[in-house]
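Q: Next come a sequence and a model predicted from it.
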Amino acid sequence: MDSNSHAAAGRQPCAVLQDIEQVLLAAELDEHYGVAVDFISLLQENAQLAGNLVQQPQQLLDLLECALLTAQEMMLQQHPQQQIMAVKPNAHVRLHNLPHSLDPEPNMLNPTISNIGSRHLGKLVTIRGTVVKAGPVKMLEAQKMFICNKCKHRFMARNNPDNNSKSGSGYDLPMECPSLGPRPCLGTNFKPVDEQGATCYTNHQEIRVQEQMQCLEPGSVPANIQVLLQDELADSCQPGDDIEALGLVCAEWRPLFPGARCDGSLNIRACQVRSINSLIRTIAMPEDSLAEQFRDFWAYHAKCPLKGRNKILASICPQIYGLFLVKLAVALTLIGGCARQDDSGSHIRGECHMLLVGDPGTGKSQVMKFAARMAPRAVVTTGRGTTGAGLTVSAVKEGGAWSLEAGALVLADGGLCCIDEFECIREADRAMIHEAMEQQTLHIAKAGMVTTLSTRTSVLGVTNPSKGAFKQGGSCAGVAATSLSGPLLSRFDVVLLLLDQHEPSWDRIVSEHVLRNHQQVQQPFVRALHGWSVDELRSYIVWAKAANPSISMTHEAEQVGNCKACDSTGVLHRYCTS
């Protein structure tokens, strides 16, 4: 392990002591508090304890919470501010930074959601995914007081969802009366106490986590799993968030009926949940070798940067001939701009929206699918059959309670949302995405739930032109070429019109390019123009976003932008008629 890991391990005990001190200084006595414990630091301090924690997680987690209570009492006795401190009985140990594996079997502690099965039952695992559904925060009985029918001794029993052997009560009741009198009671019959203060409640929430889109193979269906959040972890995330959850894999059995087969599902009882949205949407920076390769690439083309740009564009959708302006717009849309916020609080988005309008067979869908492969995070959908709730967020009722389920724009937060056949979206549903595209947020008020979700995504729409829009002498304006309304069309920063000119010379060039690509399939070592692979393009986009957080326009670009003769309509018109 490197020096940074050793330094982090050295700081961890101090961080734990600071967390315990903050818990003691907290004002609320009955609130739930979490103390973060780094598993790697625990492994370095006591390897045997860390190994037992992996083998028997539930028993060791209970012991760690008892140790945390003892640590509070010890610090309280020695602290100079003990007059304003109090021991919090609802403090919990929150493990994080679980290693890749401690067992001979690989990927045991960090499996993907699709690989979680019965062999993980009762094991401690860490998963990463996107929250697609968040249920309401409910009240759960955490502890309840029971009384012995023989000696009238009272004791507290904890509610265990996995324990269904005691007439379905779910409480961990002892085999014998736990009284500590001079003579043992040995009573075995207990009943709950129905008095005020005899029951302790806590928060409980169920969320559904889905595999991240960028981690899936093309054509595969993302798996999902239910995660149970309790205590202070409840209501810590919302649909669309990328999270890392560490918890215990448990089985949830469905109600039994005579003659029915016993059936159940796996879920994760979370011990720690943290948002990883700030980590560039779970896509780490490229390796140092790739970053150095990108820097050397631009250093080599320092005298003529446009040549370097053209080499990169030649690698974008190489199976489509031409469309240089379209490929350039796709690259700029993926890299995006710089979000700004002035002193008054008004926010100017940095994500770009792009709309492709053209005849069938001009390669619009091919460009869109290649852009989705290049994007670090992408969601692809189609306008045919898509509703406004499917694009934004929907309210779903399960078991008498309402919950929010994220749509395409929310799931693509921080990435790219590709919508094919944009014109097939109903007019009423198109109005629902106005706020998501411009303000980058969604204000939801459904089924009594009022919240705000983030939609910081770039939208790449593909649509067919309206009938008669491209006839000879017709207008090439965006409103005339599409059936989209003006307010929605104004939210697209780039609108490109593609025409099928029906020219024999152009069709001959395109067909030769297609045949040449099919011939190169038989020779994989031949790469057109020595272009970059899709993985390299994806890494370059991440590197470009992080390496240039603030970009200013050059003097030449400002002159072009201020030139009235070079407005966007003129550029698109010349491109369509060329």
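A: Happy to help now that I have it. Numbering: from 1, shown residues only.
Q: Wait, residue 509 touches residue 515, no?
A: No - contact criterion CB atoms under 8 Å: residue 509 and residue 515 do not qualify, at 11.1 Å. Any C-beta I mention is one placed from the backbone N, CA and C, and that applies to glycine too.
Q: which neighbours do the two share?
A: By CB atoms under 8 Å, 6 or more residues apart in numbering, residue 509 and residue 515 have no common neighbours.
Q: Who has more neighbours out of those two?
A: A count of neighbours by other CB atoms under 10 Å puts residue 509 above the other of residue 509 and residue 515, at 13 against 10.
Q: Is that one in a helix, a strand, or coil?
A: When classified by DSSP: H, G, I helix; E, B strand; the rest coil, residue 509 comes out as helix.
Q: So it versus residue 501, what's the distance?
A: In this view, residue 509 and residue 501 are 12 Å apart by CB to CB, to the nearest Å.
Q: same question, residue 395
A: To residue 501, residue 395 is 48 Å away according to CB to CB.
Q: Please apply the same query to residue 389.
A: With the distance defined as CB to CB, residue 389 ends up 40 Å from residue 501.
Q: what about stretch 231-240, start to end distance?
A: 22 Å (CA to CA, to the nearest Å).
Q: same check, this time on stretch 26-45
A: Terminal residues of stretch 26-45 are spaced 28 Å apart (CA to CA).
Q: got it, and stretch 146-154?
A: The first-to-last residue distance of stretch 146-154 comes to 6 Å (CA to CA).
Q: Give me the buried positions along that stretch.
A: Across stretch 146-154, burial judged by 16 or more other CB atoms under 10 Å covers 146, 147, 148, 153.
Q: Stretch 240-251 too?
A: 240, 241, 242, 243, 244, 245, 246, 247, 248, 249, 250.
Q: nearest residue to the second one other than its sequence neighbours?
A: This points to residue 241. residue 131 (4.9 Å; CB to CB, 6 or more residues apart in numbering).
Q: My read is that that neighbour contacts residue 244, right?
A: No - between residue 131 and residue 244 there is no contact under CB under 8 Å: 11.4 Å.
Q: residues near residue 537, how many?
A: 19.
Q: residues in contact with it?
A: Applying CB under 8 Å, 6+ apart to residue 537 gives the contacts 312, 315, 316, 374.
Q: Got the phi and psi for it?
A: In terms of degrees, to the nearest 10, the main-chain angles of residue 537 are phi -60, psi -40.
Q: Shouldn't residue 221 be within a helix?
A: No - Residue 221: not assigned to a helix; according to three-state DSSP it is coil.
Q: and residue 505, what pLDDT?
A: At residue 505, the pLDDT value in this model is 79.
Q: do residue 181 as well
A: Note for residue 181: predicted pLDDT of 75.
Q: you'd agree it is in a helix?
A: No - the assignment for residue 181 is coil, going by three-state DSSP, so no helix is present there.
Q: of residue 389 and residue 501, who's got more company?
A: More neighbours surround residue 389 than the other of residue 389 and residue 501, with 15 against 12 (other CB under 10 Å).
Q: Spit out the contact partners of that one.
A: Counting by CB under 8 Å, 6+ apart, residue 389 makes contact with 395, 407.
Q: what about it, distance to residue 444?
A: In this structure, residue 389 and residue 444 are 10 Å apart, going by CB to CB.
Q: same deal with residue 482?
A: Distance of residue 482 to residue 444, given as CB to CB: 28 Å.
Q: ok, these two, which is more surrounded?
A: Taking other CB under 10 Å, residue 482 and residue 444 do not tie; residue 482 has more neighbours (23 against 19).
Q: any idea how far that one lies from residue 384?
A: The value you get for residue 482 to residue 384, if CB to CB is used, is 16 Å.
Q: Show me the strands in the stretch 351-500 of the chain, by range?
A: Secondary structure of the stretch 351-500 of the chain, counting by DSSP state E, counting those that start in this stretch: strands at 354-358, 378-382, 393-398, 401-406, 416-420, 441-446, 449-454, 458-463, 494-498.
Q: Which one of those strands lies nearest to residue 174?
A: strand 401-406 (33.5 Å; CB to CB).
Q: And the pLDDT at the most centrally placed residue in the chain?
A: Nearest to the geometric centre of the chain sits residue 242, at 2.3 Å (CA atoms, centre = their mean). Note on residue 242: pLDDT of 84.
Q: For residue 268, name its beta-bridge partners.
A: Beta-bridge partners for residue 268, by DSSP bridges, are residue 227, residue 249.
Q: who's in contact with residue 43?
A: Residue 43 sits in contact with 50, 99, where contact means CB under 8 Å, 6+ apart.
Q: SS state for it?
A: helix.
Q: could you measure it against residue 109, distance?
A: For residue 43, the distance to residue 109 (CB to CB) stands at 12 Å.
Q: Between those two, which contacts overlap?
A: Shared contacts of residue 43 and residue 109 (CB under 8 Å, 6+ apart): residue 99.
Q: before we move on, back to that, my read: the residue nearest to the centre of the chain touches residue 132, true?
A: No - contact criterion CB under 8 Å: residue 242 and residue 132 do not qualify, at 11.1 Å.
Q: tell me the secondary structure for residue 94?
A: strand.
Q: quick one: it and residue 270 touch, right?
A: No - checked against CB under 8 Å, the pair residue 94 and residue 270 is beyond contact range at 9.4 Å.
Q: name the element residue 36 belongs to?
A: strand 33-38 (DSSP states H and E).
Q: before we move on, back to that, the helix or strand the residue nearest to residue 241 falls within: what's the following helix or strand?
A: Using DSSP H and E, residue 131 sits within strand 124-134. Using DSSP H and E, the next helix or strand after strand 124-134 towards the C-terminus is strand 138-148.
Q: helices or strands up against that following strand?
A: Counting contacts by 3 or more CB pairs under 8 Å, 6 or more residues apart in numbering; DSSP states H and E, strand 138-148 packs against strand 154-158, strand 190-192, strand 199-210.
Q: in its sheet, what does the shortest one sit against?
A: So that's strand 190-192. strand 138-148 (antiparallel).
Q: and the partner strand with strand 401-406, angle?
A: With axes from the mean of the first three to the mean of the last three CA atoms, to 10 degrees applied, the angle from strand 138-148 to strand 401-406 works out at 140 degrees.
Q: Tell me the gap between strand 138-148 and the middle of its chain.
A: Its chain's C-alpha centre and that of strand 138-148 lie 35 Å apart, by CA atoms, centre = their mean, to the nearest Å.
Q: What are the buried residues along it?
A: Residues 140, 142, 144, 145, 146, 147, 148 are the ones in strand 138-148 that count as buried (16+ other CB under 10 Å).
Q: Which element, helix or strand, includes residue 307?
A: Secondary structure (DSSP H and E) places residue 307 in helix 305-314.
Q: Kindly export the helix or strand just after that helix (C-alpha atoms) in PDB.
A: As assigned by DSSP H and E, the chain's next helix or strand after helix 305-314 is helix 324-335. In PDB, the C-alpha atoms belonging to helix 324-335 read as follows (Å, rounded to 0.1, in the frame of the first residue of the first chain):
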ATOM      1  CA  PHE A 324     -18.100  16.900 -40.600                       C
ATOM      2  CA  LEU A 325     -20.300  19.600 -39.100                       C
ATOM      3  CA  VAL A 326     -22.500  17.100 -37.400                       C
ATOM      4  CA  LYS A 327     -19.600  15.200 -35.800                       C
ATOM      5  CA  LEU A 328     -18.100  18.500 -34.600                       C
ATOM      6  CA  ALA A 329     -21.400  19.500 -33.000                       C
ATOM      7  CA  VAL A 330     -21.600  16.100 -31.300                       C
ATOM      8  CA  ALA A 331     -18.100  16.400 -29.900                       C
ATOM      9  CA  LEU A 332     -18.800  19.900 -28.500                       C
ATOM     10  CA  THR A 333     -22.200  18.800 -27.100                       C
ATOM     11  CA  LEU A 334     -20.600  15.900 -25.200                       C
ATOM     12  CA  ILE A 335     -17.800  18.100 -23.800                       C
END
